[in-house]
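> could you work out the structure for the sequence below:
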Amino acid sequence: MSEPIKAAAPAGRAATKKELPEHFKGYKHVWVFIEQERGQVHPVSWELLGAGRQLADKLKVDLAAVVIGPEGEATQHAATEAFCYGADLAYVVADDILADYRNESYTKALTDVVNAYKPEILLLGATTLGRDLAGSVATTLLTGLTADCTALDVDADGSLAATRPTFGGSLMCTIYTLNYRPQMATVRPRVMPMPERVEREPGRIVTHPLGLVEADIVTKVLSFLPDRESAKSNLAYADVVVAGGLGLGSPENFQLVRQLASVLGAEYGCSRPLVQKGWVTSDRQIGQTGKTIRPRLYIAAGISGAIQHRVGVEGADLIVAINTDRNAPIFDFAHVGIITDAIRLLPALTEAFRARLSPHSRDRIAS
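A predicted model of the protein is given here:
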């Protein structure tokens with residue numbers, strides 16, 4: 001007699017039976033890695049504490065900050081400041097070996113703390129440092145990592161739902177790490193809103209030893225040379241941004257964007273195709289594969305507004321779109337849409353603002 005035919009199992013997450021191994025069931029709480037370099041905390045760390053606070057409240061667990069750095073006032077200040085952005089406690093690994101970021105030492109520090117105190121969720125900023133560290137920590141811990149997330153949530157069974165664009169930004173997908181802990185995700189600067197800073201007394205601070213000596217580390221820091229280009233673009237934290245796209249027609253016409261930005265005291269940016277064509281440098285690219293911005297005013301000239309650009313700008317308070325194509329996707333999410341030729345409108349706007357604004361009044365544009 002032949003065997004009965006079995007029905008095919010449904011595809012997707014519904015077919016995945018969540019069976020968390022016994023040794024992972026003790027993993028609790030939400031952690032945020034506080035990124036600091038040379039005494040300066042990267043603002044994305046505070047943004048992630050705001051997002052982490054929401055996740056922790058839904059899970060009814062604690063929110064913890066993890067601070068790694070050299071011994072001294074700067075590291076301790078970063079830990080105490082975390083409480084003002086919502087942390088319930090802080091884990092600190094302080095050692096002079098950690099004065100400069102090196103993958104080996106920071107991976108050792110963070111994985112040791114994770115193994116000792118067992119968080120269920122670990123969030124890091126998707127900065128150059130954060131991306132490098134997150135990948136090696138996830139690999140060492142043999143867990144999942146969702147990179148460059150645009151949204152974070154927890155579902156009914158308490159799993160982290162990490163959403164990110166895929167297929168070149170044409171689709172959004174939500175990724176789960178069902179059977180491993182911690183669940184890790186990175187989020188780019190300005191994707192999450194900056195939480196309000198509330199003065200608070202420091203809570204519990206747990207110190208953890210590094211357990212590493214300089215001789216154990218292969219990489220040596222010979223000197224520190226600051227990036228001469230680092231101050232040239234501040235798109236992510238600008239209050240006013242003017243950007244251009246392929247609708248401008250030529251690299252020469254992109255100067256119209258720069259001129260308007262200069263008059264407004266704004267930063268200027270561009271869409272991905274302009275970087276691909278070599279018209280503008282990559283540090284000025286706005287979108288999923290570039291910078292995420294949250295300005296008070298965003299002026300987009302000749303930009304169609306594909307989804308990969310949209311996810312990088314939809315946090316702006318006011319979006320003004322200029323395009324000749326009345327069916328351009330950008331008009332679906334812009335607050336103000338102007339159907340006209342940007343090449344004609346931009347010079348008129350520049351002259352109008354130049355006539356009405358003094359150098360001291362430009363700050364009022366962003367207020």
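
> okay, CA-based contacts and neighbour counts for the rest of this
Noted.

> hey, where'd the strands end up in the stretch 201-350 of the chain?
Along the stretch 201-350 of the chain, counting by DSSP state E, counting those that start in this stretch, strands occupy 204-207, 240-244, 267-270, 297-301, 319-323, 336-339.

> neighbours of the nearest residue to residue 145 once chain neighbours are set aside, how many?
Among residues not flanking residue 145 along the chain, residue 184 sits closest, at 4.7 Å (CA to CA, 6 or more residues apart in numbering). When neighbours are counted by other CA atoms under 10 Å, residue 184 registers 26.

> give me every residue that touches residue 317.
Residue 317 is in contact with 294, 295, 296, 297, 298, counting by CA atoms under 8 Å, 6 or more residues apart in numbering.

> my guess is the fourth one contacts residue 238. True?
No. With contact defined as CA atoms under 8 Å, residue 297 does not count as touching residue 238 (9.3 Å).

> which parts of the stretch 51-200 of the chain are strands?
Under DSSP E, counting those that start in this stretch, the stretch 51-200 of the chain gives strands at 63-69, 89-94, 121-125, 145-149, 151-154, 160-166, 171-175, 183-187.

> what residues does the fourth one touch?
By CA under 8 Å, 6+ apart, the list of residues contacting strand 145-149 from outside reads 126, 131, 134-135, 138, 162-165, 175, 177, 183-188.

> wouldn't residue 346 be in contact with residue 257 here?
Yes. Residue 346 is within contact range of residue 257, at 7.1 Å (criterion: CA under 8 Å).

> which of these two has more neighbours?
Each of residue 346 and residue 257 has its neighbours counted (other CA under 10 Å); residue 257 has more, 27 against 19.

> just checking, the more buried one touches residue 244?
Yes. The pair residue 257 / residue 244 is scored as a contact, 6.3 Å apart, by CA under 8 Å.

> which neighbours do those two share?
Shared contacts of residue 257 and residue 244, defined by CA under 8 Å, 6+ apart, are found at residue 301.

> okay, now the unreliable bits of the stretch 51-200 of the chain?
168-170 (pLDDT under 70).

> got the residue ranges for the helices in it?
Under the criterion DSSP state H, counting those that start in this stretch, the stretch 51-200 of the chain contains helices at 73-84, 103-117, 128-141.

> quick check: buried residues in the first one?
Of the residues in helix 73-84, 74, 75, 76, 78, 79, 80, 81, 82, 83, 84 count as buried by neighbour count, 16 or more other CA atoms under 10 Å.

> what's it in contact with?
34, 36, 39-41, 46, 49, 65-69, 89-92, 94, 197-203, 205.

> also the longest one?
By CA under 8 Å, 6+ apart, the list of residues contacting helix 103-117 from outside reads 27, 68, 91, 93, 97-98, 132-133, 136-137, 140-141, 208, 210, 212, 217, 219.

> and that helix, how far from the chain's centre?
Taking CA atoms, centre = their mean, to the nearest Å, one finds helix 103-117 lying 22 Å from the centre of the chain it belongs to.

> okay, the angle between that helix and strand 121-125?
Interaxial angle, helix 103-117 versus strand 121-125 (axes from the mean of the first three to the mean of the last three CA atoms, to 10 degrees): 150 degrees.

> go on, the first one?
Here helix 73-84 runs at an angle of 120 degrees relative to strand 121-125 (the same axes, to 10 degrees).

> between strand 89-94 and helix 73-84, find me the angle.
Helix 73-84 and strand 89-94 are oriented at 170 degrees to each other (the same axes, to 10 degrees).

> kindly report the same for the longest one.
Between the axis of helix 103-117 and that of strand 89-94 there is an angle of 140 degrees, by the same axes, to 10 degrees.

> kindly export helix 103-117 (C-alpha atoms) in PDB.
The C-alpha coordinates for helix 103-117 follow below in PDB (Å, rounded to 0.1, in the frame of the first residue of the first chain):
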ATOM      1  CA  ASN A 103      37.600  45.400  16.400                       C
ATOM      2  CA  GLU A 104      39.300  42.800  18.400                       C
ATOM      3  CA  SER A 105      39.200  44.500  21.800                       C
ATOM      4  CA  TYR A 106      35.700  45.900  21.400                       C
ATOM      5  CA  THR A 107      34.300  42.600  20.200                       C
ATOM      6  CA  LYS A 108      35.900  40.900  23.200                       C
ATOM      7  CA  ALA A 109      34.500  43.500  25.600                       C
ATOM      8  CA  LEU A 110      30.900  43.400  24.200                       C
ATOM      9  CA  THR A 111      30.600  39.700  23.700                       C
ATOM     10  CA  ASP A 112      31.900  39.000  27.300                       C
ATOM     11  CA  VAL A 113      29.300  41.400  28.700                       C
ATOM     12  CA  VAL A 114      26.500  39.800  26.600                       C
ATOM     13  CA  ASN A 115      27.500  36.300  27.700                       C
ATOM     14  CA  ALA A 116      27.700  37.400  31.400                       C
ATOM     15  CA  TYR A 117      24.400  39.300  31.600                       C
END
